[in-house]
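Asks: Generate coordinates for the sequence data below:
(one chain, ligands or ions: 1)
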Amino acid sequence: MKIAVIQGPNLNMLGIREQHIYGPMSLEQIHDQMKASAEQNGVELEFFQSNLEGEIIDRVQECLGTVDGILINPAAFSHTSIGIKDALSAVNLPTVEVHISNIYKREEYRQKSITAGASTGVISGFGPFGYHLGLISLTQIVSEVKAVAAQQEQAQNKEAE
Ligand code: DQA
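Replies: Next up, the predicted model:
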């Protein structure tokens with residue numbers, strides 16, 4: 001199973017930016033922890049971070065046919081980007097949106113996520129541990145999707161016999 005991990009603007013500054021909100025861990029440290037738990041479960045992760053909306057849209061589009069699911073923190077673009085939402089809807093893959101902070105407890109302009117409308121589910125407010133929760137959830141969802149697809153293929157093969 002292959003999962004794309006897509007990180008939005010300013011998440012490359014984790015460990016430096018607003019530690020009282022996002023904690024002391026760097027993005028690299030978060031990714032190292034994710035890699036370790038993914039390996040244990042036979043999951044391959046592809047990491048990507050960008051501060052540019054168009055690059056994130058390109059990366060989401062590239063996911064079609066190359067990965068089984070998307071774990072995304074669109075960061076500030078969550079609240080503004082119809083383009084990223086449309087890209088997620090277009091590829092139509094199992095998707096989990098993660099926010100380190102609890103966006104519903106913060107400024108009003110952060111309390112709505114446009115991109116979440118194209119996600120299977122959202123995890124918000126558990127700190128960097130949210131990425132771990134997101135990975136577990138997404139792995140489960142992808143396994144279920146694969147099992148249903150395998151069942152359907154079997155049924156079709158039987159019909160063709
Ligand atoms: C964030 C929340 C966003 O509102 C903010 O712009 C971020 C990070 C989070 O992970 O809590 O950059 O997505």
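Asks: Phi, psi for residue 32 please.
Replies: Dihedral pair for residue 32: phi -60, psi -40, per degrees, to the nearest 10.
Asks: can you give me the helices for this structure?
Replies: For the chain, the helices defined by DSSP state H cover 19-22, 27-40, 53-62, 82-91, 129-160.
Asks: Whether stretch 29-43 contacts the ligand - can you check?
Replies: No - taking Cβ under 6 Å from any ligand atom as the criterion, stretch 29-43 and the ligand are apart, separated by no less than 10.8 Å. The C-beta positions use only the backbone N, C-alpha and C, and glycine is treated the same way.
Asks: In that stretch, which residues are buried?
Replies: Of the residues in stretch 29-43, 30, 31, 33, 34, 38, 43 count as buried by neighbour count, 16 or more other Cβ atoms under 10 Å.
Asks: and the residues you listed as a markdown table, adding distance to residue 1 and pLDDT?
Replies: Compiled in a markdown table, the buried residues of stretch 29-43 are given as follows (distance: Cβ to Cβ, whole Å; pLDDT from 0 to 100):
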| residue | distance to residue 1 | pLDDT |
| --- | --- | --- |
| 30 | 20 | 97 |
| 31 | 17 | 98 |
| 33 | 18 | 96 |
| 34 | 14 | 96 |
| 38 | 9 | 95 |
| 43 | 5 | 97 |
